[in-house]
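A.B. asks: no FASTA, just this:
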């Protein structure tokens, strides 16, 4: 690369600055075309870590921006969830928290009860989604309930299609269907690369719950 | 499937309960073998969303468990970060927050300054990692600084290898090297499936920042 005025070679610093200026110009151009504000349907699926914790990270951002938000947990873990305690104790005015599951499905061994719990969760979720005051709804592990056939996917998709325009809805859980991915504006597949459970490490506070 | 005592076919409910009981037994057996508590090296990489927000979700969990924790942000976004405000205002006693970057690298166009900022971030990060009182350290977007060569990867890996045994360190950013993945206990690749920036939607509060 050389200076077009003098045709002398540019220093490494000047080359870097020129390259970065070009990147910035390209990015600014892309960003200028994005005027839309739109409530998003967000899907976090895959076998890796981070599906739920990323949803909770977004809840944290909503709280920081004073945006009313809500969490519905479809599958309650066997452990006490730290998030629930923290959110309800500190930010109960901004963030509603509804834990509807009765433990993991393979711990209850009662399909009828699991279906009832999932459907009660969905009734609450629908109410929250349809309330335009609530700007972000996290449906944690709902994709598991959909995959087991405990909820009617067509009804869930219809509710997402008709949600208030500025409301974001984030659905998490492994095994998202193609129809759900198709309905999403933003979809991320969290892929497992390495997991310590495989080498004898138990679930730990802060990381897993 | 039939009842082994009477050889009569099981009802659908009983079949489900038997299947779930088997799953639970298998899971319990796996979990019983996991006695270890160990500070993990956690890597969130890939082109998808959720690398940083999942890290912040884990910070939320640490705070919920009263575990002292810290965040070092290596690349500060152009926007004000809601997380920073929320964490420092509400949980400053449990969670330290250090924003070391000077905006995205392609916005500063000053390589020397970016290197200085990244190295100052790493000096702080090293101090935090080496303090056994701090149980979780989030190095947000450090992988970008490593990829640009602004930090010495060998030094980062050496510090991770010698960290206090119960400290978790989470490193985020796209483009993790093979050596970093090899050093991780838990690694997730966040893969982009769909992104609304591609269809004219701008970055929005709660979701992106």
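C.D. replies: Yep, that arrived. Just so it is clear, the model here is predicted, and its values are computed rather than measured.
A.B. asks: check contacts around residue A:128.
C.D. replies: A:70, A:72, A:96, A:134, A:137 (Cβ atoms under 8 Å, 6 or more residues apart in numbering or on different chains). In short, each C-beta sits where N, CA and C put it, glycine included.
A.B. asks: and it, what element?
C.D. replies: For residue A:128, the element it lies in under DSSP states H and E is helix A:111-130.
A.B. asks: If you count neighbours, what's buried in that helix?
C.D. replies: Neighbour-count burial for helix A:111-130, counted by 16 or more other Cβ atoms under 10 Å in any protein chain shown, picks out A:111, A:114, A:115, A:117, A:118, A:121, A:122, A:124, A:125, A:126, A:128, A:129.
A.B. asks: Using TSV, lay out these together with pLDDT.
C.D. replies: Shown next, in TSV, are the buried residues of helix A:111-130 (pLDDT from 0 to 100):
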residue	pLDDT
A:111	81
A:114	84
A:115	88
A:117	87
A:118	90
A:121	93
A:122	96
A:124	96
A:125	97
A:126	98
A:128	98
A:129	98
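A.B. asks: Backbone dihedrals for residue A:191, both of them.
C.D. replies: For residue A:191, the backbone dihedrals are phi -100, psi 130 (criterion: degrees, to the nearest 10).
A.B. asks: That one: how many residues sit nearby?
C.D. replies: 19 (other Cβ atoms under 10 Å in any protein chain shown).
A.B. asks: Surely it touches residue A:46?
C.D. replies: Yes. Assessed by Cβ atoms under 8 Å, residue A:191 is found in contact with residue A:46 at 5.2 Å.
A.B. asks: any shared contact partners between these two?
C.D. replies: Taking Cβ under 8 Å, 6+ apart as the contact rule, residue A:191 and residue A:46 both touch residue B:191.
A.B. asks: quick one: which of the contacts of residue A:128 is nearest residue A:18?
C.D. replies: Taking Cβ to Cβ as the measure, residue A:18 lies nearest residue A:137 of these, at 45.3 Å.
A.B. asks: three-state assignment of the closest one?
C.D. replies: The three-state label given to residue A:137 by DSSP: H, G, I helix; E, B strand; the rest coil is strand.
A.B. asks: Any idea what it is bridged to?
C.D. replies: Bridge pairing for residue A:137 (DSSP bridges) gives the partners residue A:70, residue A:169.
A.B. asks: got a list of what it touches?
C.D. replies: A:69, A:70, A:71, A:72, A:125, A:128, A:129, A:167, A:168, A:169, A:170.
A.B. asks: any idea how far it is from chain B?
C.D. replies: 11 Å (Cβ to the nearest Cβ, to the nearest Å).
A.B. asks: One more: residue A:193?
C.D. replies: Residue A:193 is 4 Å from chain B, by Cβ to the nearest Cβ.
A.B. asks: now do residue A:187
C.D. replies: 4 Å.
A.B. asks: and if you look at residue A:175?
C.D. replies: Taking Cβ to the nearest Cβ, one finds residue A:175 at 14 Å from chain B.
A.B. asks: and the residue nearest to that residue when sequence neighbours are not counted, what does it touch?
C.D. replies: Of all residues not flanking residue A:175 in the chain, residue A:147 sits nearest, at 4.4 Å (Cβ to Cβ, 6 or more residues apart in numbering or on different chains). Going by Cβ under 8 Å, 6+ apart, residue A:147 touches A:173, A:174, A:175, A:177.
A.B. asks: how about the helix or strand encompassing residue A:86, does it get close to chain B?
C.D. replies: Assigned by DSSP H and E, residue A:86 belongs to helix A:82-91. Yes. With Cβ under 8 Å from any Cβ of the partner chain as the criterion, chain B is reached by helix A:82-91 at A:82, A:83, A:85, A:86, A:90.
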